[in-house]
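Engineer: Take a look and give me a structure for this.
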Amino acid sequence: MTTIQDIADKLGITKGTVSKALNGAPDISETLQKQVLETAVEMGYTRLRRYKNTAKKLCVLVQKDNIQYEEPHHFAYDIVMGFRQMAEPAGYLVDVVPIDMNLQRRLSYDVFMLQNNYAVSFILGLSLNDPWMHDFQTSHTPAVLYDNQILSNSSIAYVGVDNSEGMDLAVAHLKKMGHRKIGYLSGALGSHILQVRHRAFFQAMHHNGIDVDSSYAGSSYYLTVCMEKHLPRLLDMGCTAVICSQDTIANAALMQCEQLGYSVPNDVSIIGFDDLPICPYTSPPLTTIRQDRTEIGKCAYYAASSLMSGISIGTVLLHAQLMVRNSTAPPLNSKSRQAL
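Structural biologist: Now for the predicted structure:
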């Protein structure tokens, strides 16, 4: 493993100067500190071997433009709490740090981690165009990604829910009720997880023996496009049920159906994904696929701990759970409904 002395030898400076630069000492110029950090990363220097005799620092990094985490009703709040519930009793200091595109462009991931003395990170909310997603292809500092996957880097792990299982639960539930024309609404496919769920929808339809083509799905970066273009199109096609990639889209679909004169679930059934705290209180209460966000946070700690111990963890997926509420029912013309 690369040592501080190795870095000093390459740069032709003292070991003490390298140590000061790595720890952000005020008497080291910004230019020299940047040079030392970049050289350390290039040589594969890691903080992990230094934690035997020093305070152990981990971080949860949240892409603040994509995900909320600060309040109990925010999506990522329980994920962060689950990670802290495991890490802090184990003796780790956990910093929760908001990040954005500007920070990622200014500092590479490895340099950021070295500069802040973090051993490993748990990262939430990155989209595919975030700069660090490219860094993770070759980075050396361990990272656990929520709902993102990097292949062929043993320093990177992926945790989340089994989206294929969740989508199959949703389709099977609707099929059992008698639905055969099922549509799908999604946000823009610019994130790994929305791409996964999009594929999982078609796989689940095929697995359940329901014919479907690409016209049964609609996606957009803008919620208004989903509601004003794709949802009416699916209803005009005769879809008696719509699965949504996220609860926020499903909740908007509930309201839009009412505006269009459709009754949920009498005319159309709606299913969401994630089981946000609002789901039991929508009108009607939303059937959705639940991912246990606290448990995801705990699993992220287990993955992080394994990576720090030199154990290469790849993917950890929790089981999905179908939460049946009042937004789904048999279609009006089905035998199931006629028997009611």
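
Engineer: Mind pulling the model confidence for the residue positioned nearest the centre of the chain?
Structural biologist: The centroid of the chain falls nearest to Asp147 when counting by Cα atoms, centre = their mean (3.2 Å). Each residue has a pLDDT score; the one for Asp147 is 95.

Engineer: Repeat that for Asn333.
Structural biologist: 68.

Engineer: after the host helix or strand of Leu93, next one along is what?
Structural biologist: Following DSSP states H and E, one finds Leu93 within strand 92-99. Remark: after strand 92-99, the chain's next helix or strand is helix 101-106, criterion DSSP H and E.

Engineer: and the next helix or strand after that following helix, what other elements does it pack with?
Structural biologist: Reading on from helix 101-106 to the C-terminus, the next helix or strand found by DSSP H and E is helix 109-115. Applying 3 or more Cβ pairs under 8 Å, 6 or more residues apart in numbering; DSSP states H and E, one finds that helix 109-115 makes contact with helix 30-42, helix 131-135. Bear in mind the C-beta positions are built from the backbone N, C-alpha and C, glycine included.

Engineer: Now do the buried residues in the shortest one.
Structural biologist: Put plainly, it is helix 131-135. By neighbour count on 16 or more other Cβ atoms under 10 Å, the buried set for helix 131-135 is Pro131, Trp132, Met133, Asp135.

Engineer: How about stretch 166-177?
Structural biologist: When burial is assessed from 16+ other Cβ under 10 Å, stretch 166-177 yields the following buried residues: Gly166, Met167, Asp168, Leu169, Ala170, Val171, His173, Leu174, Lys175, Met177.

Engineer: Is the nearest residue to Gly314 once chain neighbours are set aside in a helix, a strand, or coil?
Structural biologist: Once flanking residues are discounted, Gly314 sits nearest to Ala157: 6.5 Å by Cβ to Cβ, 6 or more residues apart in numbering. Classification of Ala157 by DSSP: H, G, I helix; E, B strand; the rest coil places it in strand.

Engineer: pLDDT at Ala55, what is it?
Structural biologist: At Ala55, pLDDT is 49.

Engineer: Please tabulate the buried residues of helix 131-135 in TSV, including the columns distance to Ala253 and pLDDT.
Structural biologist: Output for the buried residues of helix 131-135, formatted as TSV (distance: Cβ to Cβ, whole Å; pLDDT from 0 to 100):
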residue	distance to Ala253	pLDDT
Pro131	33	97
Trp132	33	97
Met133	30	96
Asp135	37	95
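
Engineer: could you dump the residues you listed to TSV with distance to Lys10?
Structural biologist: TSV is the format used below for these (distance: Cβ to Cβ, whole Å):
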residue	distance to Lys10
Pro131	26
Trp132	25
Met133	29
Asp135	22
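
Engineer: So which of the residues you listed is the closest to Ser121?
Structural biologist: Trp132 (9.8 Å; Cβ to Cβ).

Engineer: who are the neighbours of whichever strand or helix holds Gly218, in terms of helices and strands?
Structural biologist: For Gly218, the host element (DSSP H and E) is strand 217-220. Identification of packing neighbours for strand 217-220 by 3+ Cβ pairs under 8 Å, 6+ apart yields strand 182-187, helix 192-207, helix 231-236.

Engineer: at 7 Å what do you get?
Structural biologist: Under the contact definition 3 or more Cβ pairs under 7 Å, 6 or more residues apart in numbering; DSSP states H and E, strand 217-220 sits against strand 182-187.

Engineer: Okay, and the beta partners of the nearest residue to Asn116 once chain neighbours are set aside?
Structural biologist: The spatially closest residue to Asn116, leaving aside those adjacent along the chain, is Cys59, at 7.1 Å (Cβ to Cβ, 6+ apart). Here Cys59 sits in beta bridges with Asp95, Ser121, going by DSSP bridges.

Engineer: Wait, Cys59 touches Tyr118, no?
Structural biologist: Yes. Using Cβ atoms under 7 Å, Cys59 is in contact with Tyr118, at 4.7 Å.

Engineer: Export only the CA atoms of stretch 229-243, formatted as PDB.
Structural biologist: Extracted in PDB, the C-alpha atoms of stretch 229-243 (Å, rounded to 0.1, in the frame of the first residue of the first chain):
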ATOM      1  CA  LYS A 229     -50.000  13.700 -22.200                       C
ATOM      2  CA  HIS A 230     -49.100  10.100 -21.200                       C
ATOM      3  CA  LEU A 231     -51.800   9.400 -18.600                       C
ATOM      4  CA  PRO A 232     -54.700  10.500 -20.900                       C
ATOM      5  CA  ARG A 233     -53.100   8.500 -23.700                       C
ATOM      6  CA  LEU A 234     -53.000   5.300 -21.600                       C
ATOM      7  CA  LEU A 235     -56.600   5.800 -20.500                       C
ATOM      8  CA  ASP A 236     -57.700   6.300 -24.200                       C
ATOM      9  CA  MET A 237     -55.900   3.100 -25.000                       C
ATOM     10  CA  GLY A 238     -58.200   1.300 -22.600                       C
ATOM     11  CA  CYS A 239     -55.800   0.700 -19.700                       C
ATOM     12  CA  THR A 240     -57.700  -0.200 -16.600                       C
ATOM     13  CA  ALA A 241     -54.700   0.100 -14.400                       C
ATOM     14  CA  VAL A 242     -51.500   2.200 -14.300                       C
ATOM     15  CA  ILE A 243     -48.300   1.400 -12.400                       C
END
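
Engineer: Appreciated, that's everything.
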